[in-house]
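[1] here is my input; please provide its structure:
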Amino acid sequence: MIVGRYMKRNPPAKINPYKGYRTKRSKASQEAWDHAQLYSADAMQQTGKYLSIAAVPFLLLQNNLFTIILGSIVILFFCMVPIFSTEKELKEKFGNK
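    This next block holds a predicted model:
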């Protein structure tokens, strides 16, 4: 949620290889870049909220290998959601460039 909020307030203005949501589709044009920065920031904030809720059961469970592996899988899933949703949005809005 924190990274999403920061990116929403301070999106990189110009296409660059170092900061922001950087994929082939997002770097296809300045318009796609600007849209991707704001959309991915919103997606990160939303996913962060869901991840916070999903973390509660893991705090209540015993700290064993199964819980650690399952928690890691859940975290990886939630980290990938903003990427997939942003790419889908860019494909719908700007086509398959």
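[2] chain center to stretch 2-13, what's the gap?
    Remark: stretch 2-13 is offset 12 Å from the chain centroid, using C-alpha atoms, centre = their mean, to the nearest Å.
[3] which residues are contacting it?
    19-21, 33-34, 37-38, 40-48, 82 (C-beta atoms under 8 Å, 6 or more residues apart in numbering). Every residue, glycine included, has its C-beta placed from N, CA and C.
[4] for ChimeraX, what selects the buried ones among those residues?
    With 16 or more other C-beta atoms under 10 Å as the criterion, this ChimeraX line picks the buried residues out of these:
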select :20,21,33,34,37,40,41,42,43,44,45,47,48,82
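[5] for the protein, give me the ranges with low pLDDT.
    Applying pLDDT under 70 to the chain picks out residues 97.
[6] can you give me the helices for this structure?
    2-9, 30-60, 65-94 (DSSP state H).
[7] so which of these gets nearest Ile15?
    helix 30-60 (4.9 Å; C-beta to C-beta).
[8] how far away is the spatially most central residue of the chain from Phe94?
    When the chain is reduced to its mean C-alpha position, the closest residue under C-alpha atoms, centre = their mean turns out to be Pro82, at 3.1 Å. Distance, Pro82 to Phe94, using C-beta to C-beta, to the nearest Å: 18 Å.
[9] show the contacting residues for the residue nearest to the centre of the chain.
    Pro82 is in contact with 4, 40, 43-44, 47, counting by C-beta under 8 Å, 6+ apart.
[10] which two among those residues are spaced furthest apart?
    Ser40 and Thr47, at 10.0 Å, using C-beta to C-beta across those.
[11] tell me, how many residues neighbour Tyr3?
    Actually, residue 3 is Val. It isn't Tyr. 13 (other C-beta atoms under 10 Å).
[12] so Phe78 sits against Leu51, correct?
    Yes: judged on C-beta atoms under 8 Å, Phe78 makes contact with Leu51 at a distance of 4.4 Å.
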